[in-house]
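**Student:** Return atomic coordinates for the entry below.
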Amino acid sequence: MSNANRRQFIGTAAALAVGAVTASAKPFAPSKSLQPLIHHVFFWLKNPHSVEDRNKLIEGVRGLGKIESIRTLHVGVVADTEKREVVDGSWDVSEMIFFDDISGQASYQTHPVHLEFVKNYGHLWERVVVYDAMTI
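**Tutor:** Numbering: from 1, shown residues only. Next comes the predicted model:
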């Protein structure tokens, strides 16, 4: 392949690649399907090495899904991802709950199922941190 043909080929390939990336790029727009309020809770167990305690707490968190105002419930444990200074992996169990609005989250706080959860599983955790965020 001559230098002129190679330059033409490389130029054409580069133009096609840029065009493909540009065509597939979408401008950021908030999704209308997302619930506007996210309630993310992190639990630190009193006995962090107890698989039994962790599984019991997970069972309790999953039971919160019975509350009518919850749209989505995600239960998680620490992921085995890259260890970096900005990543906090000190917690044991998390729950991420999506609500339609602040009133849905407020009714969750006083719902009998949530109150029973705190009563029945509160002895398992040493610390709880909550982050509530609104979609913008």
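
**Student:** so what pLDDT did the residue most central in space within the chain get?
**Tutor:** Centroid-nearest residue in the chain, with CA atoms, centre = their mean: Met96, separated by 5.8 Å. Note for Met96: predicted pLDDT of 98.

**Student:** same question, the one 10 residues further on
**Tutor:** The predicted structure scores Ala106 at 97 on the pLDDT scale.

**Student:** Show me what His74 bridges to in the sheet.
**Tutor:** When bridges are called by DSSP bridges, His74 pairs up with Met96.

**Student:** so it touches Gly65, yeah?
**Tutor:** No - using CB atoms under 8 Å, His74 and Gly65 do not qualify as a contacting pair, with a distance of 10.1 Å. To be clear about C-beta, it is placed using only N, CA and C from the backbone, and glycine gets the same treatment.

**Student:** low pLDDT regions in the protein?
**Tutor:** Filtered on pLDDT under 70, the chain yields the residue ranges 1-35.

**Student:** Going along the chain, name the strands of it.
**Tutor:** 37-45, 70-77, 93-99, 125-134 (DSSP state E).

**Student:** which one of these has the most crowded surroundings?
**Tutor:** Ranked by mean neighbour count under mean count of other CB atoms under 10 Å, the strands of the chain are led by strand 93-99, which reaches a mean of 21.

**Student:** what angle do that strand and strand 70-77 make?
**Tutor:** Interaxial angle, strand 93-99 versus strand 70-77 (axes from the mean of the first three to the mean of the last three CA atoms, to 10 degrees): 160 degrees.

**Student:** Format the strands of the chain as CSV; extra columns: distance to Pro112.
**Tutor:** Below are those laid out as CSV (distance: least, CB to CB, whole Å):
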stretch, distance to Pro112
strand 37-45, 18
strand 70-77, 14
strand 93-99, 16
strand 125-134, 19
